[in-house]
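Asker: Coordinates only, no sequence provided:
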């Protein structure tokens, strides 16, 4: 877990930044200081130091170069943002790496490092509502972050390259930014790697240029994206490009040692996309696909935007799960990490729906097996889904535990039982449409459900299934 740093009073901060040997040059403008520091962290209930106050990022322009042999990364991050208050200083999240220079609006800025915080003091204060551009030059060996639940994220070296995964805090390991899901932005990511390696990222490949023994791959994401679902995958890949029946581009990159084994499941992407659009509404992004790597240290797939990452050959259920996250998690993104069940409950229930529609168990049978405690092979696994309420994980170490997934899906099934299929699909499609490319929390979801089904009583679902401790007395 990233180390927290105390909030520094404005006067002390100004003195520290003035004395910083790594800072830029220049002083404040003649008008004097009229702003205040933006502050570190947005007080997320589980990761209070992630994200930063005082501004909103609208675009990241990342230029990276990576050498897998030395594990050395060189980067320039261009960050376009809008001030949401008068700012004398602001913070960016950056874990590890060495900062070489920082400019704001083309002028050298003073800067300071403390833990994961890169504090920047521009030459001139920024006005509330002002759009500004920050450039950060940095380099070093990116770190792998171990989460509170002991999983690994950040920059993960692989046999022939690297894999960048960001949930929940890993993106700060490879670029500076406002790394909280509440601040989404568009992206341009250019990655230079040695031949014959490839670099895959989110969105669409807009350029591929080679000079001598290196190739630069440039990717563009036009739709807003939370930094935790940004990715870069570097290595040897077999690439397949196609389109769905309605013309959506499909870009699939697979480690050559996994190409044959993954061929059948990845061929289901067009079918899964058509099924998902029928159930959840129009696809929210301009391309789709997958990245299949050999990443032995990664024990999970991740719904990286437009192109989910799988550390090995996925099964069909996992493929469906990560593709449906594009609606619930990537397009409709939680406001805080407390709202993770809005990601995982939806994607898990989508697995149940897929099974129901493709000759497997009905959603009711799955629900009953979970409630009766005979779904999993072990007693411990069957009991684990009742460890805490899905909308109130017990700590940061448990935001990806079984209650968030399985009991979260059971909440959705209880809603479906209460309102019937027609209204249920109106609700889940409407929810995806109402918050498309935005953020939402649990309170907004429960209010939305009640609005769409007037006259129905959801109090028992909210009190017993969503927020209640232990196993509800009645199914």
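Answerer: That came through, no problem. Fair warning: this is a prediction, and the values are worked out from it, not measured in the lab.
Asker: And the helix or strand containing residue 290, what does it pack against?
Answerer: Using DSSP states H and E, the secondary-structure element containing residue 290 is strand 288-292. The criterion is 3 or more CB pairs under 8 Å, 6 or more residues apart in numbering; DSSP states H and E, and the helices and strands that strand 288-292 contacts are strand 249-254, helix 259-266, helix 269-280, strand 309-310, helix 316-324. All C-beta spots, glycine's among them, are computed from the backbone N, C-alpha and C.
Asker: so can I have CSV of these showing mean neighbour count, mean pLDDT and distance to residue 458?
Answerer: Conversion of those to CSV gives the following (neighbours: other CB atoms under 10 Å; pLDDT from 0 to 100; distance: least, CB to CB, whole Å):
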stretch, mean neighbour count, mean pLDDT, distance to residue 458
strand 249-254, 20, 98, 39
helix 259-266, 15, 98, 37
helix 269-280, 18, 98, 21
strand 309-310, 24, 98, 36
helix 316-324, 22, 98, 23
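Asker: Out of these, flag the one nearest residue 172.
Answerer: Between residue 172 and the helices and strands packed on strand 288-292, the shortest separation by CB to CB is 17.9 Å, and it involves strand 309-310.
Asker: what sits up against stretch 183-191?
Answerer: Stretch 183-191 is contacted from outside by 51, 56-66, 199, 201-203, 207, 216-227, 230, 232, 234, 333, 437-439, using CB atoms under 8 Å, 6 or more residues apart in numbering.
Asker: can you give me the mean pLDDT across the strand holding residue 290?
Answerer: Per-region confidence: strand 288-292 scores 98 on mean pLDDT.
Asker: What segments of the stretch 1-150 of the chain are helices?
Answerer: Per DSSP state H, counting those that start in this stretch, the stretch 1-150 of the chain carries helices over the ranges 10-19.
Asker: and what of the stretch 301-450 of the chain?
Answerer: Assigned by DSSP H, counting those that start in this stretch, the helices in the stretch 301-450 of the chain fall at 316-324, 341-357, 363-372, 379-384, 402, 408-419, 421-434, 442-452.
Asker: now the following helix or strand past the fourth one: mean pLDDT?
Answerer: Past helix 379-384, further along toward the C-terminus, the next helix or strand under DSSP H and E is helix 402. Helix 402 shows a mean pLDDT of 98 in the predicted model.
Asker: and the angle for the strand holding residue 290 with helix 259-266?
Answerer: Counting by axes from the mean of the first three to the mean of the last three CA atoms, to 10 degrees, strand 288-292 points 150 degrees away from the direction of helix 259-266.
Asker: Check what contacts strand 288-292 and list those residues.
Answerer: With CB under 8 Å, 6+ apart as the test, strand 288-292 has contacts from 200, 231, 233, 237, 244, 248-255, 258, 262, 266, 269, 273, 304, 306-310, 312-314, 319, 322-323, 326.
Asker: strands paired with that strand, and their directions?
Answerer: Applying DSSP bridges to the sheet, strand 288-292 is found paired with strand 249-254 (parallel), strand 309-310 (parallel).
Asker: residues making contact with the shortest one?
Answerer: If I follow you right, that is strand 309-310. Applying CB under 8 Å, 6+ apart, the set of residues contacting strand 309-310 from outside is 163, 165, 231, 233, 290-293, 301-302, 318-319, 322.
Asker: Format these as CSV; extra columns: distance to residue 408.
Answerer: Formatted as CSV, these follow (distance: CB to CB, whole Å):
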residue, distance to residue 408
163, 27
165, 22
231, 24
233, 28
290, 24
291, 26
292, 26
293, 28
301, 17
302, 18
318, 17
319, 20
322, 16
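Asker: out of these, which one sits closest to residue 147?
Answerer: For the contacts of strand 309-310, the minimum distance to residue 147 (CB to CB) is 10.6 Å, reached by residue 165.
Asker: Where does the closest residue to the closest one other than its chain neighbours fall, secondary structure wise?
Answerer: For residue 165, the nearest residue in space outside its immediate sequence neighbours is residue 153; the separation is 4.8 Å by CB to CB, 6 or more residues apart in numbering. Under the assignment given by DSSP H and E, the secondary-structure element containing residue 153 is strand 152-157.
Asker: same for that strand, what does it pack against?
Answerer: Helices and strands touching strand 152-157, as assessed by 3+ CB pairs under 8 Å, 6+ apart, comprise strand 144-146, strand 162-165.
Asker: Report the next helix or strand after the longest one in sequence order.
Answerer: Think strand 162-165. The next secondary structure element downstream of strand 162-165 (using DSSP H and E) turns out to be strand 185-194.
Asker: Now for residue 106, how many residues are close by?
Answerer: A count of neighbours around residue 106, defined by other CB atoms under 10 Å, yields 8.
Asker: Quick check: the gap between it and residue 186.
Answerer: In this structure, residue 106 and residue 186 are separated by 21 Å, where distance is defined by CB to CB, to the nearest Å.
Asker: One more: residue 270?
Answerer: Between residue 270 and residue 186 the computed distance is 26 Å (CB to CB).
Asker: Likewise for residue 344?
Answerer: Counting by CB to CB - residue 344 and residue 186 are separated by 25 Å.
Asker: ditto for residue 393
Answerer: Shown here: residue 393 relative to residue 186, a distance of 30 Å by CB to CB.
Asker: quick one on the thing from earlier: tell me which of the helices and strands packed on strand 288-292 sits nearest to residue 144.
Answerer: Set against residue 144 and scored by CB to CB, these come closest in strand 309-310, at 15.1 Å.
Asker: Tell me how far the closest one lies from the chain's centre.
Answerer: For strand 309-310, the distance from its own C-alpha centre to the chain's C-alpha centre is 13 Å (CA atoms, centre = their mean, to the nearest Å).
Asker: Ok, stretch 55-64 next?
Answerer: In terms of CA atoms, centre = their mean, the centre of stretch 55-64 is set 15 Å apart from its chain centre.
Asker: for the record, mean pLDDT for that stretch?
Answerer: Stretch 55-64 comes out at a mean pLDDT of 98.
Asker: Pull out the buried positions in that stretch.
Answerer: By 16 or more other CB atoms under 10 Å, the buried positions in stretch 55-64 come out as 55, 57, 60-64.
Asker: what's the nearest residue to residue 235 if we skip its chain neighbours?
Answerer: Leaving aside its chain neighbours, residue 235 sits nearest to residue 161 (3.3 Å; criterion: CB to CB, 6+ apart).
Asker: residues contacting that neighbour?
Answerer: If a contact means CB under 8 Å, 6+ apart, then residue 161 has 66, 68, 193, 197, 233-236 as its contacts.
Asker: 7 Å instead?
Answerer: Residues near residue 161 by CB atoms under 7 Å, 6 or more residues apart in numbering: 68, 197, 234-235.
Asker: ok, now residue 354?
Answerer: Residues 275, 317, 320 are the ones in contact with residue 354 under the rule CB under 7 Å, 6+ apart.
Asker: one more time with 6 Å
Answerer: Contacts here follow CB atoms under 6 Å, 6 or more residues apart in numbering; on that basis residue 354 touches residue 320.
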